[in-house]
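J.: need a 3D model of the sequence below.
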Amino acid sequence: SKRLVEISNSFLEAENAAYRIVNDEIVEITDEHEIAAVESAIDKSTKASRQHLSRALELLSDRQQPDYRNSIKESISAVESACQAISGNPKGTLGDCLKLLKTKAQIHPAMEGAFLKLYGYTNDGGGIRHALDDGAQQPSFADAKFMLVACSSFTNFLWTKAAENGIKLSAR
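T.: Numbering: from 1, shown residues only. This next block holds a predicted model:
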């Protein structure tokens, strides 16, 4: 029974199926809220952020050759593009964007720290945004899916904060 579940989940994962077997139950691994966050971010983003998120989704859902590492890279690049538009700085970083937002809006320090750590994860030596090293772990479907949903939600948050505080975007 346990081996059958492992084999079944292996096939479901290889086919990028939206289901897995967990505790003898077939469960959906993508829910409507995650889908809504990604769709909203793609619909409401600047052209650059929209392209990054669309590409991340495409790389994640490729049934023949999913590319989780580059999906993660595209997801975080969408956040960076949003930050550039919000900060008005074409070379702006997440830190630049958060500094600008903090001058106009309240952002809890723990939330700011969490955003910076998420961004830092992609700049680590594991090869997400930089060259691979010999000890680099391969990202999984779960890693790439989390980053796509989190970065979509993060860009939605940034657009909303900018709009709430009258920040004019440099590109839309």
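J.: hmm, who's touching stretch 6-17?
T.: Residues outside stretch 6-17 that contact it (C-beta atoms under 8 Å, 6 or more residues apart in numbering): Tyr19, Arg20, Ile21, Leu60, Ser61, Asp62, Arg63, Pro66, Phe141. For the C-beta atoms, the positions are set from N, CA and C on the backbone; glycine is no exception.
J.: again, 10 Å this time
T.: 18-22, 26, 28-30, 60-64, 66, 140-142, 145 (C-beta atoms under 10 Å, 6 or more residues apart in numbering).
J.: buried ones among those residues?
T.: With burial judged by 16 or more other C-beta atoms under 10 Å, the buried subset of the contacts of stretch 6-17 is Arg20, Leu60, Pro66, Phe141, Lys145.
J.: part of a strand, is Ile21?
T.: Yes - Ile21: assigned to a strand according to DSSP: H, G, I helix; E, B strand; the rest coil.
J.: lowest average confidence, helix or strand, in this protein?
T.: In the chain, the helix or strand scored least confidently by mean pLDDT, DSSP states H and E is strand 25-28, which has a mean of 75.
J.: which residues in the protein form helices?
T.: Under the criterion DSSP state H, helices of the chain are mapped to 2-14, 32-44, 47-61, 68-87, 94-104, 109-122, 141-164.
J.: report the buried residues of the last one.
T.: For helix 141-164, burial by neighbour count (16+ other C-beta under 10 Å) applies to 141, 143-159, 161-162.
J.: next: the shortest one.
T.: Residues of helix 94-104 classed as buried under the neighbour-count rule (16+ other C-beta under 10 Å) are Leu94, Asp96, Cys97, Leu98, Leu100, Leu101.
J.: again with stretch 163-172
T.: Ile167.
J.: what about it, distance to the chain center?
T.: The chain centre lies 21 Å from the centre of stretch 163-172; the measure is C-alpha atoms, centre = their mean, to the nearest Å.
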